[in-house]
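**Q** Here is a sequence together with a model predicted from it:
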Amino acid sequence: MASEFRRPGPRSALRRTLATLALTAAYATSVFGEGAPSAESRLAGRAAPDIPLRLADGRTMRLSELADGKPLLITFFYRRCTGVCTPLLAWVRDAVRKAGGLGVDYRVLALSFDDADTIDDLRAQARVTRVLDSPHWSFAVTEQEALAQITGALDFWYRPDPATGQIDHPALVAALDQGRVVRTMLGAPDVSERLQGLLAELRGAFIPYYRLPHQTPFACVSFDSSTGETRLHWGLMLLVLPALTAAVAAYVLFFLGAKRRRMVEAQNGRTGASPVWSCAAS
């Protein structure tokens, strides 16, 4: 059984808790089902096995060695995939380029889950993704036992589809830090924007809010990854409106009640009448 790995040395609380990344293509409901808990919350803190890897350049090393003391972004693919694999890698590539910090704040690993993939296949996929010359992008294969360990730890499933000859699977990127899952995220139509926000957080930006796919209909704040700004969202009104309505209603009732008392007192003053108090005889 592969052992867990942990990076020695102190890390700031921000880096420990905010180092992140992940996404999945728009297969969220088919992967986890309606009403199932989000992978973002289910996998957070889970230990990742320190599996052996064989890289596209022929080197062999363990996952912890590849991370080299930095957070690691992991995504899964296979070379002959005609579905989401190449678009997924392109999303990650574009978000990484826009966010910056690759090699300084984190590294990226694309791990094949097809035992038919060779070193040449890894290099071909890296070339198609246009990251073949990037020293901080790694494409790798691993042995079947190790693959079962890492896919099990990250809840990544795959199964052959005899009808198409393809391998059915979700699209997944997971962020590891200190040998544990920091965050994973199900894909959505705004996946590129969300990925850029996560990468900004990985570099130290404070992101106060994450939208959970299929679970968060509105937000109180939003993060603009292009400017690094956090803004109030219209959803905040849905939180404030009930309290505001209650406060206005209380004020109106108090105002009307006070006005009515003043009218009664004024009327009594004009007629010379005084309030009549009565009590039961003792």
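**A** Received the coordinates, thanks. Residues are numbered from 1 along each chain as shown.

**Q** hey, let's count contacts and neighbours off CA atoms from now on
**A** OK.

**Q** show me the residues around the closest residue to residue 157 other than its chain neighbours that make contact.
**A** Residue nearest to residue 157 in three dimensions, not counting chain neighbours: residue 169, with 6.0 Å by C-alpha to C-alpha, 6 or more residues apart in numbering. With contact set as C-alpha atoms under 8 Å, 6 or more residues apart in numbering, residue 169 has these partners: 156-159.

**Q** now residue 47: how far from residue 81?
**A** According to C-alpha to C-alpha, to the nearest Å, residue 47 and residue 81 sit 28 Å apart.

**Q** These two: which is more packed in?
**A** residue 47 (21 against 14; other C-alpha atoms under 10 Å).

**Q** what sits opposite the more buried one in the beta ladder?
**A** residue 180 (DSSP bridges).

**Q** So it sits against residue 177, correct?
**A** No: counting by C-alpha atoms under 8 Å, residue 47 does not reach residue 177; the two are 9.7 Å apart.

**Q** which residues of the stretch 151-282 of the chain score low on pLDDT?
**A** 186-194, 196-241, 269-282 (pLDDT under 70).

**Q** Show the contacting residues for residue 158.
**A** Residue 158 makes contact with 167-170, according to C-alpha under 8 Å, 6+ apart.

**Q** Look at residue 78 and say how many residues are nearby.
**A** Neighbour number of residue 78 under other C-alpha under 10 Å is 22.

**Q** out of everything not next to it in sequence, what's closest to it?
**A** residue 112 (5.0 Å).

**Q** Read off the pLDDT value for residue 20.
**A** In this prediction, residue 20 carries a pLDDT score of 36.

**Q** so what's residue 53 scoring on pLDDT?
**A** 98.

**Q** returning to what we had before: how much space between the residue nearest to residue 78 and residue 247?
**A** Residue 112 is 58 Å from residue 247, by C-alpha to C-alpha.

**Q** Next: residue 159.
**A** From residue 159 to residue 247 the distance is 57 Å (C-alpha to C-alpha).

**Q** Need phi/psi at residue 245.
**A** phi -60, psi -40 (degrees, to the nearest 10).

**Q** what about it, neighbour count?
**A** 11.

**Q** Tell me which strands the helix or strand where residue 174 lies pairs with, and in which orientation.
**A** Here residue 174 is covered by strand 173-177, with elements defined by DSSP states H and E. Applying DSSP bridges to the sheet, strand 173-177 is found paired with strand 72-77 (antiparallel), strand 180-184 (antiparallel).
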